[in-house]
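> Just the structure for this:
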Amino acid sequence: MVVLCLLTALVAWGQGDRGTISGIVLDSTGAAIPGVRIELTNVSNNLKLQTVSTNTGAYRLVGIEPGLYSMQARMEGFQTYVRSGI
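Sure, this is the predicted structure:
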């Protein structure tokens, strides 16, 4: 099965210069996958933010500085999901 990540980037305009990325990790049948390691990497300075998906497959990364990012989602037994240009 392939890990599918749904991303939503939220920026509170006028509230600061930090953002949030949140989503739900699902398998190919649409079932939530808990325990997936999510890693967001700032391409310019290699700063990494990490979290793990909850029992409902949800994850949330907060305090993200503006910039260009890549993201990986990985878990044993699943293909690693990689997304660049975030």
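> From here on, just use CA atoms for contacts and neighbour counts.
Will do.
> where do the strands sit along this protein?
Assigned by DSSP state E, the chain shows strands spanning 4-11, 19-26, 37-42, 48-52, 58-64, 69-74, 81-83.
> For the residue nearest the centre of the chain, give me its contacts.
By C-alpha atoms, centre = their mean, the chain has its centre lying nearest to Ile38, at 5.2 Å. Going by C-alpha atoms under 8 Å, 6 or more residues apart in numbering, Ile38 touches Gln50, Thr51, Val52, Ser53, Tyr59, Met71, Gln72, Ala73, Arg74.
> Is the first one bridged to anything, and to what?
With DSSP bridges as the criterion, the beta-bridge partners of Gln50 are Glu39.
> Now stretch 18-34: average pLDDT?
Mean pLDDT, computed over stretch 18-34, is 92.
> just stretch 63-79 next, same as before
Stretch 63-79 comes out with an average pLDDT of 93.
> Could I get the buried residue list for that stretch?
The neighbour-count check on stretch 63-79 (16 or more other C-alpha atoms under 10 Å) flags Ile64, Tyr69, Ser70, Met71, Gln72, Ala73, Arg74, Met75 as buried.
> okay, these in CSV with distance to Ile21 next?
Below are these laid out as CSV (distance: C-alpha to C-alpha, whole Å):
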residue, distance to Ile21
Ile64, 8
Tyr69, 11
Ser70, 12
Met71, 10
Gln72, 13
Ala73, 13
Arg74, 17
Met75, 19
